[in-house]
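Asker: Output the structure for:
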Amino acid sequence: MSPARTPDRLTGRELAWVAGACLVAVLHATRVFQAAISDDAYILYRYARHLAAGFGFVWNLGEAPVEGFTSFLDVVALAGARILGCDLVQAGQVLGVAFAGLSCVAAACLGREVGLGDSRAGIASAWIVALAPAQAAWARGGLETTLFTFLAAAAMAVWMWERRTASGRRWSSALFVLAVLARPEALALAALAVLLDFAERRSAALAWWPLCTALAILAVWKLAYFGDVLPNTYHAKSGGGLVALKAGASYVARFLRGYGWINLLLIAAPLVLVRSTVNARTLYLLLCAGMLALTAAKVGGDYQYFGRYLVPTVPPLAALTSCGALALWDATGAIRRPVRIAVAAGVCVGGALQLLLPSLRELHDRPWLLTRPWRLVEDTDPALFRPDFELMGKALARIAGPKETVAAIAVGAIGYYSDRPILDCLGLNDREIARLPVSLAGRTVWRSGHMKGSARVVLARRPAIIALPMRPTAEPCRGPAASDVAVYPWVGELLGAPSFRNGYQQRSDPLPDGRWMNYYVRDPAHPRMSGTRVCASSSFILGDVDAL
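Answerer: Take a look at the predicted model:
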């Protein structure tokens, strides 16, 4: 890579290649992966609906504001879409797919900056991001994943450009602030940039005053409005110590295996073999990727597929892989050209195949994905995905009164479609439960974000309805299974509590797909849906509750 020319704008040739990568990224997301919307996305949609209606950032109408979401920016954007008359579920999909494409542009700019203006690095970075299954899978998840990925990569690239051109830090400050609003992890990325500037020249850190000012104002406002500067989500996911860190380390290792050992070697080998590749830019990207990985590991990773917490690491990893490959190419100029080209082609094909393996497996298992009708939302294979929580939410909208509180574990779609007051038993949207310590007693599995809960708090709130078990069942009058209690030990404590046994009665209601929703009611005299099955006793509970 030659530092002789570092143009500030993409050339026409680069634009064409990057535009092709953007198109592939969109097709990858919409034709290879299904629209399996995360239940957490409906939490954002509920907040956005309340914000658009003028109630502010509230989970339950009439209650104090609470930041039960990780992306302030995404909630505001979705609220704007709602005001314009857009369907929130479709708007979340459109934003996710759009920013999946834009992430390729940000990766191209990042690759060019790390590669000292080498257009090959920018093009290769964009295509690696376009081919990454993790980003394609989560583009349609309804969350802020690709929005944050784009903003983080763009902020890194602009910081490198401003550092190279001595242009101050106004634009990078603005992008880092937006990235922090998209996800708080961006604060660590901004701090790394400030520290590197400070290490090079102490006075350079003063140029970050726009960032520091904006973040100070944001912190003061959040403290005054929410009573805290971190979302409830972070409190609810924190804790677990070494157990969480071990699960998180396995999570990061699985993600890196999916990225491919060839692509990882292309990052590592040039740093060892080619001295000129070790500079502040490569160091910064390595630190950023490491910081994002450490953050994901600290909370224990995630139980869902394709490593959504680590998707933002794809653009920096892509830039490092691209620049590493080019550094090796330039350093091996003495090798005979045919041999050199053959080896390079083999490495590129091998790296691409390793990266694409999950997508190829998806198409092998479900080839009809390529030819299915074009739909944004209703695009799931009923054999694999069932709208369990959507059906439960719609049923609860008919069962529960407008002011009756429903306690639930999965609160996203249930909260969005029921539009009823919801007690979040896992604490993502509840201040008291979110700040409880993680208890590992009785736990057999680790589930990030699902490790907190309290039978005492739930019973003290006296919800009108407790939705258990958390999913529909094939038969009526079924209680939580032993496997459910293994994941949520507090459920066993709840079912065994005298105040619960004496104060709640179980009922089951039929759902449109032939299954049953089971729940416990505090007021059995309240009229419910037609077809309701009243369960005679609690003897149907699977497992010995008294022994739990």
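
Asker: shaky segments in the stretch 251-400 of the chain?
Answerer: Within the stretch 251-400 of the chain, the stretches with pLDDT under 70 are 274-278, 382-385.

Asker: Break down it into its helices, ranges please.
Answerer: For the stretch 251-400 of the chain, the helices defined by DSSP state H, counting those that start in this stretch occupy 261-273, 280-298, 314-331, 337-365, 388-399.

Asker: what is the orientation angle of the longest one with helix 314-331?
Answerer: Using axes from the mean of the first three to the mean of the last three CA atoms, to 10 degrees, the interaxial angle of helix 337-365 with respect to helix 314-331 works out to 160 degrees.

Asker: Okay, buried residues for helix 337-365 please.
Answerer: By 16 or more other CB atoms under 10 Å, the buried positions in helix 337-365 come out as 347, 351-352, 354-356, 358-359, 362-363. To be clear about C-beta, it is placed using only N, CA and C from the backbone, and glycine gets the same treatment.

Asker: ok, now the shortest one?
Answerer: For helix 388-399, the neighbour count (16+ other CB under 10 Å) marks 388-396, 399 as buried.

Asker: What ranges does the protein have for its strands?
Answerer: Along the chain, counting by DSSP state E, strands occupy 406-408, 422-424, 465-466, 505-510, 516-521, 533-534.

Asker: Residue 408 versus residue 361, what's the distance?
Answerer: Separation of residue 361 from residue 408 (CB to CB, to the nearest Å): 34 Å.

Asker: likewise residue 177?
Answerer: Taken as CB to CB, the span from residue 177 to residue 408 is 35 Å.

Asker: quick one, which of the two is more surrounded?
Answerer: For residue 177 versus residue 408, the count of surrounding residues by other CB atoms under 10 Å is larger for residue 408: 26 against 23.

Asker: Bridged to the more buried one, which residues?
Answerer: Beta-bridge partners recorded for residue 408 (DSSP bridges): residue 424.

Asker: How about residue 40, nearest residue that isn't a chain neighbour?
Answerer: residue 412 (5.6 Å; CB to CB, 6 or more residues apart in numbering).

Asker: Hmm, I typed the wrong one, I wanted residue 168.
Answerer: residue 207 is the one closest to residue 168 (CB to CB, 6+ apart), at 5.2 Å.

Asker: Ok, residue 467 next?
Answerer: residue 408 is the one closest to residue 467 (CB to CB, 6+ apart), at 4.3 Å.

Asker: just to revisit the earlier point, can I get the buried residues of helix 337-365 in JSON lines including distance to residue 468?
Answerer: Shown next, in JSON lines, are these (distance: CB to CB, whole Å):
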{"residue": "347", "distance to residue 468": "53"}
{"residue": "351", "distance to residue 468": "47"}
{"residue": "352", "distance to residue 468": "46"}
{"residue": "354", "distance to residue 468": "43"}
{"residue": "355", "distance to residue 468": "41"}
{"residue": "356", "distance to residue 468": "41"}
{"residue": "358", "distance to residue 468": "34"}
{"residue": "359", "distance to residue 468": "37"}
{"residue": "362", "distance to residue 468": "33"}
{"residue": "363", "distance to residue 468": "38"}
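
Asker: which of those lies closest to residue 322?
Answerer: residue 351 (10.4 Å; CB to CB).

Asker: so what's that closest one up against?
Answerer: Applying CB atoms under 8 Å, 6 or more residues apart in numbering to residue 351 gives the contacts 260, 262-263, 266, 321.

Asker: How many residues are close by residue 305?
Answerer: As a burial measure, residue 305 scores 14 neighbours (other CB under 10 Å).

Asker: do residue 86 as well
Answerer: 14.

Asker: so what's it scoring on pLDDT?
Answerer: Per-residue pLDDT puts residue 86 at 95.

Asker: still on that earlier bit, take the buried residues of helix 388-399 and write them to a markdown table, including distance to residue 339.
Answerer: Formatted as a markdown table, those follow (distance: CB to CB, whole Å):
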| residue | distance to residue 339 |
| --- | --- |
| 388 | 56 |
| 389 | 57 |
| 390 | 57 |
| 391 | 61 |
| 392 | 62 |
| 393 | 62 |
| 394 | 64 |
| 395 | 66 |
| 396 | 67 |
| 399 | 71 |
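
Asker: one step back: distance check, the residue nearest to residue 168 against residue 184.
Answerer: Residue 207 is 23 Å from residue 184, by CB to CB.

Asker: do residue 224 as well
Answerer: 18 Å.

Asker: if you count what's nearby, which of the two comes out ahead?
Answerer: residue 184 (19 against 8).

Asker: Quick check: residue 438 touching residue 237?
Answerer: No. In this structure, residue 438 is not within contact of residue 237 by CB atoms under 8 Å, at 9.4 Å.

Asker: Who has more neighbours out of those two?
Answerer: residue 237 (25 against 17).

Asker: these two touch, right, that one and residue 298?
Answerer: No. The criterion here is CB under 8 Å, and residue 237 misses it with residue 298 at 9.1 Å.

Asker: ok, now how distant is residue 379 from residue 360?
Answerer: Counting by CB to CB, the gap from residue 379 to residue 360 is 20 Å.

Asker: show me where the stretch 1-150 of the chain has helices.
Answerer: 12-27, 39-52, 72-83, 88-114, 119-131, 133-138, 145-165.

Asker: The shortest one packs against which elements?
Answerer: With contacts defined as 3 or more CB pairs under 8 Å, 6 or more residues apart in numbering; DSSP states H and E, the secondary structure elements packing on helix 133-138 are helix 88-114, helix 145-165, helix 241-259, helix 337-365.

Asker: What average pLDDT does it get?
Answerer: 95.

Asker: would you put the C-alpha positions of that helix in CSV?
Answerer: C-alpha atoms of helix 133-138 as CSV (Å, rounded to 0.1, in the frame of the first residue of the first chain):
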residue,chain,number,x,y,z
PRO,A,133,-23.7,-13.4,7.6
ALA,A,134,-23.9,-11.8,11.1
GLN,A,135,-24.8,-8.4,9.7
ALA,A,136,-27.2,-9.9,7.1
ALA,A,137,-29.0,-12.0,9.7
TRP,A,138,-29.5,-9.0,12.1
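
Asker: what does that helix rub up against?
Answerer: Residues contacting helix 133-138 (CB under 8 Å, 6+ apart): 25, 28-29, 32-33, 96, 100, 103, 129, 145-146, 149, 255, 258, 305-308, 310-311, 314, 355-359, 362.

Asker: Return a selection command, for use in ChimeraX, containing the buried ones of these.
Answerer: A single ChimeraX command selects the buried members of the contacts of helix 133-138 (16+ other CB under 10 Å):
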select :25,28,29,32,33,96,100,103,129,145,146,149,255,258,306,307,308,310,311,314,355,356,358,359,362
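
Asker: So for the residue lying closest to residue 48 once chain neighbours are set aside, what's the pLDDT?
Answerer: Closest residue to residue 48 in three dimensions, ignoring its sequence neighbours and counting by CB to CB, 6+ apart: residue 78, at 3.6 Å. At residue 78, the model reports a pLDDT of 98.

Asker: circling back: test my guess that the residue nearest to residue 467 contacts residue 463.
Answerer: No. Here residue 408 lies out of contact with residue 463, judged by CB under 8 Å, at a distance of 9.0 Å.
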